[in-house]
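Asks: take this sequence and fold it.
(2 chains)
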There are 2 protein chains.
Amino acid sequence: MITLETIQEAHDRIRPFIHRTAVLTNQTINERSGAELFFKCENFQKIGAFKARGGLNAVLQVAQNKEGSAITTHSSGNHAQAVAFAARQVGMPAYIVMPRTAPQVKKDAVLGYGAEVIECKPTLDAREAGVREVMAKTGAVLVHPFDDDRVIAGQATAAKELIEDFGSDQPFDVILAPVGGGGLLSGTALATHYLSPSTRVIAGEPEGAADAILSFKSGHVEKAPYINTIADGLMTSLSERTLAIIRAHVTDILTVSDPEIIAAMRLVWERMKIIIEPSCAVPLAVVLKHKDQFAEQKIGIILTGGNVDLGKLPF
Amino acid sequence: MITLETIQEAHDRIRPFIHRTAVLTNQTINERSGAELFFKCENFQKIGAFKARGGLNAVLQVAQNKEGSAITTHSSGNHAQAVAFAARQVGMPAYIVMPRTAPQVKKDAVLGYGAEVIECKPTLDAREAGVREVMAKTGAVLVHPFDDDRVIAGQATAAKELIEDFGSDQPFDVILAPVGGGGLLSGTALATHYLSPSTRVIAGEPEGAADAILSFKSGHVEKAPYINTIADGLMTSLSERTLAIIRAHVTDILTVSDPEIIAAMRLVWERMKIIIEPSCAVPLAVVLKHKDQFAEQKIGIILTGGNVDLGKLPF
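Replies: Residues are numbered from 1 along each chain as shown, chains lettered A, B, ... in the order given. From the prediction side, this is the model:
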């Protein structure tokens, strides 16, 4: 069970390695949404995404507890970089299983942190088989992208900082995060539950990867009816672990279309002059779509990351 | 003459209307340049560029001194928005003469601040004639983009803040700014001269608009041999006023090519996750081109603005 103390310990553990990221506001976006928005800029985090937090919290504990001599994971996205970055901090080898279809720029980023990339077929089975093989060969310990209490406790520290910095005197009405596998959302919900219990936590999910909204309603881990979205960080389904936390502490999950995601992303680029990736724009898209629901409220938004391929922009 | 007191008064005057913008650092870019860089983020400034400072300092004085009942200028760029924004703060009408070839998004931004756009042929003669006509008709006062002490004193406040925030205990070795008409560079050089006299001021200029380097050497206002650069904010020539200040207080002007500008711009986008316009990338391009000259130095860079057309990116 992830307690407040677990999250506080995670924060103390990872603090020397992460940025306490800025919280930005923007007058135009406030006017357009009719709400007061506070953006927690994890796009400025190490590796360009909040995933550095969870990866570090897990890897630092593996190293401290001497649970293994190496780290492994499978990911084509920010978690791959997070684990590679974290392993480098503790001087452990990292073996990252990546689909061979992953963009070279992402493989290069992982290699840049000194990790080894093991290519596999672009299927979940092949990725999991690749990880099992690495574990058998090297004694590496798996750090799962979200189905891991240590990862969730690490991700929780983003909301913890946001609440400490801007939500203590006058609590947020709502904190929003996107949902993919649910690691960030679980951590955000737990941190908010402990540190700002009057604040609702609401998730944003792409229509083109709408599994969490189904699972949230049914109470079982469901698959999305179809996967087709620009928000490539949010395609994963929940796990039993993240679903349980989300059912306990999240108020609602709202979906948005790809055009709505792209419009929100563009608004942030043009008005805030910061770079966010499509997955990262989902919560703002939710606020802009459901203005009535959020009008005149004080809202915290976790901006999750800024790793985009500048050669493949949607505008 | 622009004294330290002039700059201090300008700062007091505009402070309620501007952001004290963040100063960011980036480990990767430090490693790649071999220097210690401090980026003053005027892309986060009101209207998305430092020009808000000079425009405000001039317009607020026009209003306070009751010099006229309206404001005018000609500009296709950030100064147009700056004057429109400033005029709105004091409730004065603003007439902005813009070439009819200016992008609609820039006209819309000016209109969005409540100013009137007067379209003209895309030549300097037509622009100046347009302004004269507005002045005759409306009694509007011209706020020139750079050939104006009040504008220069306003632009000087960016370097003043940078020095106050990060250059007081351990002075910068160098502060870099780009040069177009020379308003920002003059202000930066004067603020640095008064507040951090041991710091050199160096300008970056595009090879495709290389007038300032010629004027700096000859002592006369020269034209560029040719104009062809992506740095659309830096195509203007100096005035006698800005040349005199630059000759007195600037150490050197260094040129960079468009591919070097684009590479520096891309590096900032990818690593700092912030949006800067091409003109804004020129000083970093200078540092990356002349690594030996800047190695192991503490360097301040004015990031001038972030107004780019996302539909026309150079990558």
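Asks: buried residues in the lowest-mean-pLDDT helix or strand in chain A?
Replies: Within chain A, no helix or strand scores below helix A:104-112, which has a mean of 90 by mean pLDDT, DSSP states H and E. Buried residues in helix A:104-112, counted by 16 or more other CB atoms under 10 Å in any protein chain shown: A:Lys106, A:Lys107, A:Ala109, A:Val110. C-betas here are computed from N, CA, C, even on glycine.
Asks: near chain B, from the residues you listed?
Replies: Near chain B, judged by CB under 8 Å from any CB of the partner chain, there are no entries from those.
Asks: distance to B:Leu310 for those residues - can I get that in a markdown table?
Replies: Output for the buried residues of helix A:104-112, formatted as a markdown table (distance: CB to CB, whole Å):
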| residue | distance to B:Leu310 |
| --- | --- |
| A:Lys106 | 23 |
| A:Lys107 | 27 |
| A:Ala109 | 24 |
| A:Val110 | 28 |
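Asks: tell me the one among the residues you listed nearest to chain B.
Replies: A:Ala109 (10.2 Å; CB to the nearest CB).
Asks: you'd agree that closest one is up against A:His79?
Replies: No. With contact defined as CB atoms under 8 Å, A:Ala109 and A:His79 do not form a contacting pair (11.9 Å).
Asks: identify the residue nearest whatever residue of the stretch 51-200 of chain A ends up closest to chain B in space, chain neighbours excluded?
Replies: In the stretch 51-200 of chain A, the residue that lies nearest chain B is A:Val105 (9.1 Å; CB to the nearest CB). Nearest in space to A:Val105, with sequence neighbours left out and distances taken as CB to CB, 6 or more residues apart in numbering or on different chains, is A:Asp309 at 6.3 Å.
Asks: then A:Asp258?
Replies: A:Ile230 (5.0 Å).
Asks: same question, A:Val268
Replies: That would be A:Ile276: by CB to CB, 6+ apart, it lies 5.3 Å from A:Val268.
Asks: are we agreed that that neighbour is in a helix?
Replies: No. Counting by DSSP: H, G, I helix; E, B strand; the rest coil, A:Ile276 is not part of a helix but coil.
Asks: ok, it - how many residues close by?
Replies: By the measure other CB atoms under 10 Å in any protein chain shown, the count of residues near A:Ile276 is 24.
Asks: start and end of stretch A:213-223, how far apart?
Replies: End-to-end distance for stretch A:213-223, by CA to CA, to the nearest Å: 10 Å.
Asks: helices or strands next to the helix or strand hosting A:Asp125 in the packing?
Replies: For A:Asp125, the host element (DSSP states H and E) is helix A:124-138. For helix A:124-138, the packing partners by 3 or more CB pairs under 8 Å, 6 or more residues apart in numbering or on different chains; DSSP states H and E come out as strand A:70-74, strand A:94-99, strand A:116-120, strand A:140-142.
Asks: how far out from the middle of the chain is that helix?
Replies: Here the centre of helix A:124-138 is set off from its chain's centre by 23 Å, with CA atoms, centre = their mean, to the nearest Å.
Asks: again with stretch A:43-52
Replies: Averaging C-alpha positions (CA atoms, centre = their mean) puts stretch A:43-52 9 Å from its chain's average.
Asks: and the residue of the stretch 1-150 of chain A nearest chain B?
Replies: Per CB to the nearest CB, the residue of the stretch 1-150 of chain A with the smallest distance to chain B is A:Asn43, at 4.6 Å.
Asks: contact partners for the residue lying closest to A:Glu240 once chain neighbours are set aside?
Replies: Nearest in space to A:Glu240, with sequence neighbours left out and distances taken as CB to CB, 6+ apart, is A:Val221 at 6.1 Å. Contact analysis of A:Val221 by CB atoms under 8 Å, 6 or more residues apart in numbering or on different chains lists A:Ser215, A:Ser237, A:Leu238, A:Ser239, A:Glu240, A:Leu243.
Asks: in this structure A:Gly208 contacts A:Thr229, no?
Replies: Yes. Under the criterion of CB under 8 Å, A:Gly208 makes contact with A:Thr229 at 3.2 Å.
Asks: shared neighbours, those two?
Replies: Common contact partners of A:Gly208 and A:Thr229 (CB under 8 Å, 6+ apart): A:Asp258.
Asks: okay, the two: which has more neighbours?
Replies: Comparing A:Gly208 with A:Thr229 by other CB under 10 Å, the one with more neighbours is A:Thr229, at 23 against 20.
Asks: contact partners for that one?
Replies: Residues near A:Thr229 by CB under 8 Å, 6+ apart: A:Pro206, A:Glu207, A:Gly208, A:Ala209, A:Met235, A:Asp258, A:Ile261, A:Pro278.
Asks: got the residues of chain A near chain B?
Replies: Within chain A, the positions lying close to chain B (CB under 8 Å from any CB) are A:22, A:43-44, A:48, A:266, A:269-270, A:272-276, A:306, A:310-311, A:313, A:315.
Asks: next, the angle from the top helix by length along chain A to strand A:70-74.
Replies: In chain A, with assignment by DSSP state H, the single longest helix is helix A:149-166. Interaxial angle of helix A:149-166 relative to strand A:70-74 (axes from the mean of the first three to the mean of the last three CA atoms, to 10 degrees): 80 degrees.
Asks: restricting to C-alpha, output helix A:149-166 in CSV.
Replies: The C-alpha trace of helix A:149-166 is given here as CSV (Å, rounded to 0.1, in the frame of the first residue of the first chain):
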residue,chain,number,x,y,z
ASP,A,149,4.1,0.7,-6.4
ARG,A,150,7.6,2.3,-6.5
VAL,A,151,6.9,3.8,-9.9
ILE,A,152,3.5,5.1,-8.9
ALA,A,153,5.0,6.6,-5.7
GLY,A,154,7.6,8.3,-7.8
GLN,A,155,5.0,9.8,-10.2
ALA,A,156,3.0,11.0,-7.2
THR,A,157,5.7,13.5,-6.4
ALA,A,158,4.7,15.8,-9.3
ALA,A,159,1.3,16.4,-7.8
LYS,A,160,2.9,16.7,-4.3
GLU,A,161,5.1,19.5,-5.5
LEU,A,162,2.2,21.2,-7.3
ILE,A,163,0.1,21.1,-4.1
GLU,A,164,2.9,22.2,-1.9
ASP,A,165,3.7,25.2,-4.2
PHE,A,166,0.3,26.4,-5.2
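Asks: kind regards, and thank you for your time.
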